[in-house]
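**Student:** Just the structure for this:
(one chain, ligands or ions: 2)
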Amino acid sequence: MVLPTLPADVDEIVPGVIADRRFIHEHPELGFQEHETSKFVAERLAALGAEDIQTGIAGTGITALIHGGKGEGKCVLLRADMDALPLTEETPVEFASRTPGVMHACGHDGHTAMLMGVARILQERKDQFAGTVKLCFQPSEEANEGGARPMIEAGVLENPHVDACFGQHVMSDRPTGEIWVNGGPIQASADAFKITVQGKGGHGAMPHTSIDPIMIAADIVSGLHKIVSRNVDPLDPVVVSPCTFHSGTAGNIIPDTAELTGTVRTFSPENRDLAETRLKEVATGIAAAHGATVTIEYDRGYPPTINDVEMAALAEVSLAKVVGEENVMKMRPIMPAEDMSYFLLERPGCYFMTGCGNEAKGIVWPHHHPKFDLDEDALGIGVAALAQVAIDYLNS
Ligand SMILES: [Zn+2]
Ligand SMILES: [Zn+2]
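**Tutor:** Residues are numbered from 1 along each chain as shown. Ligands and ions are numbered 1, 2, ... in the order given. Okay, here's the model as predicted:
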């Protein structure tokens, strides 16, 4: 692969960005426990001369401002996540995790280091833009309860009022040098359900005296699979997956209850509502048809991540300046969820994927794998990319 030539100011700070990433990688912290990481970031931002540094937002979150030298204007929020995963690292790198059972296996160490790099570049390029950059380092993206929503609730989208938001995720299944972006939905919502069927237990030899929750739950599984095939627009993908099925204790006992749990993924608020409504109707209806009852717990996780079409188009032009038009790819939506979605529900913006895979270096492992690594050549690209997007947005 041919790597892009980075702007001289970015090229100059790349060793520092790599060193920061390695330090964070060596000291990973789980969601909402990023105390040392947060301290490290705050000190760095202060040293850079970023203004109005706020710490402890939603626990460990940080915001800081950089004011452009061209006067008043819009405010753009740039977001990075800081958390690691509960995983024991199995990479051969010298800077592997020093905390047993915790590892940066998704690249958030890179995101945090890159955003600090972006801060430095924007601080140096202040005279090139009007308005304000709000840097946002958030806790806990990986947990079900992410840091984005509590940060928004704490007011990070105001004072100053944020007009647009951008961020990036490294992607190890795409080569370094490529950036993937698209307007519209790019990542799914992630909701969880638990259905408990209450039947009536009895002797396995006398089914007519019982209400068999296993048979009813099996019907419900089959019914749930028809939501996608019969209720959902095939051009707007949905996943409904019952993933556990528990019932019974012995081969001659019809049990009292059966329990199903699973996940629902959607790319639009409409389908999200539809899937939840239909799941409840199907489970309740099937149970009623057999004289049983159901209890349904339905937990909404992250919403779908939806890029604003105009912001994505703007980002595409900026990204092409960094990696060349031929290396800006149309991203296909993916099913994993992401809490950048909350920012994108509140403000127009764009989340893009920065390739960080490198077969020649053996950097081929998927995210959340104990051998996951990122190609550090991607870090400078990510810095240049996000800085360019921010400047172009503020000057647009
Ligand atoms: Zn992850
Ligand atoms: Zn991630």
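
**Student:** what about the residue positioned nearest the centre of the chain, is that helix, strand or coil?
**Tutor:** Within the chain, one residue has its C-alpha closest to the average C-alpha position: by C-alpha atoms, centre = their mean, that is Glu338, at 2.2 Å. With DSSP: H, G, I helix; E, B strand; the rest coil as the basis, the three-state label of Glu338 is coil.

**Student:** beta partners for Pro242?
**Tutor:** Note on Pro242: beta-bridge partners Gly262, judged by DSSP bridges.

**Student:** List the contacts of it.
**Tutor:** The neighbours of Pro242, taking C-beta atoms under 8 Å, 6 or more residues apart in numbering as the test, are 220-221, 224, 260-262. In short, each C-beta sits where N, CA and C put it, glycine included.

**Student:** Same question for Ala292.
**Tutor:** 197-200, 211, 213, 216.

**Student:** Now it. Nearest residue, chain neighbours left out?
**Tutor:** Once flanking residues are discounted, Ala292 sits nearest to Gly199: 4.7 Å by C-beta to C-beta, 6 or more residues apart in numbering.

**Student:** pLDDT value on that neighbour, please?
**Tutor:** Reading off the per-residue confidence, Gly199 sits at a pLDDT of 98.

**Student:** Does it touch Pro207 like I think?
**Tutor:** No: taking contacts as C-beta atoms under 8 Å, Gly199 lies outside contact range of Pro207: 10.8 Å.

**Student:** Between the two, which has more neighbouring residues?
**Tutor:** Summary of the neighbour comparison: Gly199 and Pro207, criterion other C-beta atoms under 10 Å, with Gly199 having more neighbours (25 against 12).

**Student:** Just confirm His169 is within a helix.
**Tutor:** No: per three-state DSSP, His169 lies outside any helix segment and is strand.

**Student:** Tell me what it is bridged to.
**Tutor:** Here His169 sits in beta bridges with Met353, going by DSSP bridges.

**Student:** residues contacting Ser140?
**Tutor:** Under the criterion of C-beta under 8 Å, 6+ apart, the neighbours of Ser140 are 30-32, 34, 59, 81, 83, 146-147.

**Student:** Quick check: it vs Lys134, distance?
**Tutor:** 19 Å (C-beta to C-beta, to the nearest Å).

**Student:** for Ser229, same thing?
**Tutor:** Using C-beta to C-beta, one gets 44 Å for the distance from Ser229 to Lys134.

**Student:** same deal with Leu319?
**Tutor:** The value you get for Leu319 to Lys134, if C-beta to C-beta is used, is 21 Å.

**Student:** Repeat that for Ala205.
**Tutor:** Taking C-beta to C-beta as the criterion, Ala205 is separated from Lys134 by 69 Å.

**Student:** who has more neighbours, the two?
**Tutor:** Taking other C-beta under 10 Å, Ala205 and Lys134 do not tie; Lys134 has more neighbours (24 against 8).

**Student:** Nearest residue to that one in space, please, no chain neighbours.
**Tutor:** In space, not counting the residues next to it along the chain, Lys134 is nearest to Leu77; the distance is 4.5 Å by C-beta to C-beta, 6+ apart.

**Student:** List the beta-bridge partners for the one you found.
**Tutor:** For Leu77, the residues forming beta bridges with it (DSSP bridges) are Lys134, Cys165.

**Student:** Show me the common contact partners of Gly199 and Pro207, please.
**Tutor:** Ile254.

**Student:** what's the domain layout of this structure?
**Tutor:** According to the domain assignment given by automatic domain parsing, the chain is divided into the following structural domains: 8-186+304-394, 191-300.

**Student:** May I see these arranged in JSON lines, with distance to Val2 as well?
**Tutor:** Listed next are the domains of the chain as JSON lines, based on distance: least, C-beta to C-beta, whole Å:
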{"stretch": "domain 8-186+304-394", "distance to Val2": "7"}
{"stretch": "domain 191-300", "distance to Val2": "34"}
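
**Student:** so which of these comes closest to Met1?
**Tutor:** In this view, the domains of the chain are compared for proximity to Met1 by C-beta to C-beta, and domain 8-186+304-394 is the closest at 5.0 Å.

**Student:** Please state the offset of the longest helix anywhere in the chain from the chain centre?
**Tutor:** If you go by DSSP state H, the chain has its longest helix at helix 269-289. The gap between the average C-alpha position of helix 269-289 and the chain average comes to 26 Å, counting by C-alpha atoms, centre = their mean, to the nearest Å.

**Student:** Extract the CA atoms of that helix and return them as PDB.
**Tutor:** Coordinates of the C-alpha atoms in helix 269-289 are reproduced here as PDB (Å, rounded to 0.1, in the frame of the first residue of the first chain):
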ATOM      1  CA  PRO A 269     -35.900   4.600  14.400                       C
ATOM      2  CA  GLU A 270     -39.000   3.400  12.500                       C
ATOM      3  CA  ASN A 271     -37.800  -0.200  12.400                       C
ATOM      4  CA  ARG A 272     -36.600   0.000  15.900                       C
ATOM      5  CA  ASP A 273     -40.100   0.800  17.100                       C
ATOM      6  CA  LEU A 274     -41.700  -1.700  14.700                       C
ATOM      7  CA  ALA A 275     -39.400  -4.500  15.900                       C
ATOM      8  CA  GLU A 276     -40.100  -3.800  19.500                       C
ATOM      9  CA  THR A 277     -43.900  -3.600  19.000                       C
ATOM     10  CA  ARG A 278     -44.000  -6.800  16.900                       C
ATOM     11  CA  LEU A 279     -41.800  -8.700  19.300                       C
ATOM     12  CA  LYS A 280     -44.200  -7.900  22.100                       C
ATOM     13  CA  GLU A 281     -47.300  -8.700  20.000                       C
ATOM     14  CA  VAL A 282     -46.000 -12.000  18.700                       C
ATOM     15  CA  ALA A 283     -44.800 -13.200  22.100                       C
ATOM     16  CA  THR A 284     -48.000 -12.200  23.900                       C
ATOM     17  CA  GLY A 285     -50.300 -13.400  21.200                       C
ATOM     18  CA  ILE A 286     -48.600 -16.900  20.800                       C
ATOM     19  CA  ALA A 287     -48.600 -17.300  24.600                       C
ATOM     20  CA  ALA A 288     -52.300 -16.300  24.900                       C
ATOM     21  CA  ALA A 289     -53.200 -18.700  22.100                       C
END
